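> 3D, please:
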Amino acid sequence: MTTGNGPLASLTHAQLVGVTDEFLDQVLERLNRADTPLWEHQAHMGRTVITLAGGGIIASVSVVQFLADKIASPAWSWLLPSSWIAWTACILAALSRELWIGQARSLAAILERSRGALRLKIQQLEADSTVDDLERLMVDAFNEADREPAEARRVLASLNQLVFWTFAGGIVGLVIFAIKNLPF
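Got it, this is the predicted structure:
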């Protein structure tokens with residue numbers, strides 16, 4: 001293959017497909033190495049939030065049952081069930097995140113399934129095609145393969161916001177309820 005915009009005529013179609021396959025493998029491996037810590041953090045955050053929100057519900061229900069006879073008429077009592085609802089929504093959103101993470105990480109799998117079509121397009125390149133033509137085919141293949149994962153990443157970002165705000169809302173509601181009802 002010549003450098004710059006030169007023709008690809010010096011390579012056979014089989015060589016061109018081989019070079020492209022090797023390039024794609026290297027790109028996918030680099031993406032995987034770069035993204036793995038981020039996705040591991042996402043999974044860890046989801047498990048942590050689910051555990052904390054569930055623990056918040058259980059702990060606050062237990063404390064309420066223990067203090068029920070000591071506080072006859074709690075102030076702002078609506079905050080407690082509001083916190084439980086917020087934490088339940090947080091748990092459901094965090095579980096939903098787990099479903100979307102797989103789709104968000106599916107670029108490599110989708111690209112693998114479309115590799116045959118890319119090889120066919122490479123074989124159909126004209127003899128006077130340039131490196132730019134080959135690059136355009138690969139960029140188009142990446143963009144097409146990344147359509148669904150990109151949408152899933154947008155949904156995941158929204159779910160992350162929902163998880164954060166519902167978790168924080170549950171904490172704020174519980175803290176305000178505690179402040180209003182503890183004897184200071």
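
> quick one: the helices in this protein?
All helices of the chain, identified by DSSP state H, fall at 13-67, 79-104, 107-113, 115-123, 131-145, 147-181.

> out of these, nearest to residue 73?
Closest to residue 73 of the helices of the chain is helix 147-181 (C-beta to C-beta; 9.6 Å). All C-beta atoms are positioned from the backbone trio N, CA, C, and that covers glycine.

> so which bits of that closest one are buried?
For helix 147-181, burial by neighbour count (16 or more other C-beta atoms under 10 Å) applies to 149, 152-153, 156, 159-160, 162-163, 166-167, 169-171, 173-174, 177, 181.

> about what we covered before: return the most buried member of the helices of the chain.
Of all the helices of the chain, helix 79-104 has the most neighbours on average by mean count of other C-beta atoms under 10 Å, namely a mean of 19.

> mean confidence for it?
Helix 79-104 comes out with an average pLDDT of 95.

> check stretch 34-54 too.
Stretch 34-54 comes out at a mean pLDDT of 93.

> touching it from outside, list them.
Identification of contacts with stretch 34-54 by C-beta atoms under 8 Å, 6 or more residues apart in numbering yields 87-88, 90-91, 94-95, 97-98, 101, 105, 156, 163, 167, 170.

> now do it: distance to the chain's middle.
Mean-position distance between stretch 34-54 and its chain equals 10 Å (C-alpha atoms, centre = their mean, to the nearest Å).

> closest to residue 138 out of the contacts of stretch 34-54?
Using C-beta to C-beta, the contacts of stretch 34-54 come closest to residue 138 at residue 105, 20.3 Å.

> pretty sure that closest one sits against residue 149.
Yes: using C-beta atoms under 8 Å, residue 105 is in contact with residue 149, at 7.0 Å.
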